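S.K.: Just a sequence and a predicted model for now, questions to come.
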Amino acid sequence: MSAVDYSLQIDEARETAICEVRGLSKSYRNFWLNDVSFKLEPGYIMGFVGRNGAGKSTTIKAMLRLVKPDCGEVKMFGMDYAENEEECKKHLGIVLGEFDYYADKKLKTVTGVVRRFYPEWDEAAYRRCIARFELDETKRVKELSAGMKVKYALALALSHNARLLILDEPTSGLDPVSRDELLDVFREFVADGKRSILFSTHITSDLDKCADYIMYIKSGCILMNGDREEIIGGYRLVCGGKADMTPELEAALIGVKETAFGFTGLIAERDLNAADGLQTAPADIESIMLYTEKYELHQEA
């Protein structure tokens, strides 16, 4: 066993999180990624959600040092990422947007280049992915649809025994059937309890189907981060007529949408006493986002 393999085993024995981010910040002229912190343990899928421009891609790029963060610490597999970037990347599967590299090359040629970078390349796993995703290796990258480019990028990411997948909008451009198949692949990937996935998305139904944890970002700040069921269980939708909107209820509502007959609003479970006697229904990730963003009552100062 090589010295590198041995050192990694030691780190595996010490680690409690497969990925841990502390205080990650990055400022631009018109945007500030502010103090992002989270922990992802082996065996789980974390869905990273937020509207376009909220900071999802910036967070991922700062984690991977594709943009230099102003401050913050990133650990992967028990190692400081900045100090062990090359070693960490051997165990990462990364898909950032549409695959546009080597546009004029055939897939089999691109694969031949990529496999040389990964000592633990698994040809059998790659072949299974190619068959499952119905990819034609004789096609050139530029001949693939947007959805097929995503599938090819994932085939590469899943073929070198990666322990952590970091995926930026991986289901974007996929039809509903292909998207559901991909979510099945995600669940299978983490089933052994040793591997994890962090993926950003704006398709909230993806989170309902496969995410164990949700991290919700708004305007560069993490608003929610935790167990998906606990987050959903912490909110309710409340419906009422115009006469039911008391000052107490209005103060408690996070967001409200006026209807022809009254209103529908989002309220925290802990504040339900303000909606006593009114009809309520369970919230989901989409409604939490919608009422927090579009129908927000109490604007930030």
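M.R.: Everything's here; your move. Note that the structure is predicted; figures quoted are calculated from it, not measured.
S.K.: who touches K75 in this structure?
M.R.: By CB atoms under 8 Å, 6 or more residues apart in numbering, the residues touching K75 are A17, C19, E20, V21, Y81. (Each C-beta comes from the backbone N, C-alpha and C, glycine too.)
S.K.: Using TSV, lay out the residues you listed together with pLDDT.
M.R.: As requested, the contacts of K75 are exported to TSV (pLDDT from 0 to 100):
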residue	pLDDT
A17	92
C19	98
E20	98
V21	98
Y81	97
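S.K.: Relative to N225, which of the residues you listed is nearest.
M.R.: Nearest to N225 among those is V21, at 10.5 Å by CB to CB.
S.K.: What residues are bridge-paired with that closest one?
M.R.: F38, V74 (DSSP bridges).
S.K.: okay, now the domains of this structure?
M.R.: Listed by automatic domain parsing, the domain ranges of the chain are 3-231, 234-293.
S.K.: mind listing the helices for the stretch 51-200 of the chain?
M.R.: For the stretch 51-200 of the chain, the helices defined by DSSP state H, counting those that start in this stretch occupy 56-63, 85-89, 107-115, 123-132, 146-157, 176-189.
S.K.: can I get those in JSON lines with mean pLDDT, distance to K218 and mean neighbour count?
M.R.: JSON lines is the format used below for these (pLDDT from 0 to 100; distance: least, CB to CB, whole Å; neighbours: other CB atoms under 10 Å):
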{"stretch": "helix 56-63", "mean pLDDT": "96", "distance to K218": "11", "mean neighbour count": "21"}
{"stretch": "helix 85-89", "mean pLDDT": "93", "distance to K218": "29", "mean neighbour count": "15"}
{"stretch": "helix 107-115", "mean pLDDT": "94", "distance to K218": "36", "mean neighbour count": "16"}
{"stretch": "helix 123-132", "mean pLDDT": "94", "distance to K218": "35", "mean neighbour count": "14"}
{"stretch": "helix 146-157", "mean pLDDT": "87", "distance to K218": "26", "mean neighbour count": "21"}
{"stretch": "helix 176-189", "mean pLDDT": "89", "distance to K218": "24", "mean neighbour count": "16"}
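S.K.: Tabulate the ones you listed in a markdown table, adding columns for distance to E73.
M.R.: Converted to a markdown table, the helices of the stretch 51-200 of the chain look like this (distance: least, CB to CB, whole Å):
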| stretch | distance to E73 |
| --- | --- |
| helix 56-63 | 10 |
| helix 85-89 | 13 |
| helix 107-115 | 29 |
| helix 123-132 | 32 |
| helix 146-157 | 25 |
| helix 176-189 | 26 |
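S.K.: Okay, and the beta partners of the nearest residue to I60 once chain neighbours are set aside?
M.R.: The spatial neighbour of I60 that comes closest, neighbours along the chain excluded (CB to CB, 6 or more residues apart in numbering), is D168 at 5.3 Å. Beta bridges link D168 to L96, S200, judged by DSSP bridges.
S.K.: so what's D168 up against?
M.R.: Counted by CB under 8 Å, 6+ apart, D168 has contacts K56, S57, I60, V95, L96, G97, F199, S200.
S.K.: ok, those vs S27, which is closest?
M.R.: S57 (15.6 Å).
S.K.: Which pLDDT value goes with the closest residue to that closest one other than its chain neighbours?
M.R.: Once flanking residues are discounted, S57 sits nearest to D168: 5.6 Å by CB to CB, 6+ apart. We have a pLDDT of 91 for D168.
S.K.: Check the gap between D168 and P247 for me.
M.R.: Per CB to CB, to the nearest Å, D168 is found 43 Å from P247.
S.K.: low pLDDT regions in the chain?
M.R.: 1-15, 98, 297-301 (pLDDT under 70).
S.K.: Do a quick rundown of the strands in it.
M.R.: 19-27, 32-40, 45-49, 71-76, 79-80, 92-96, 164-168, 196-201, 213-218, 221-227, 235-241, 253-258, 262-268, 279-282 (DSSP state E).
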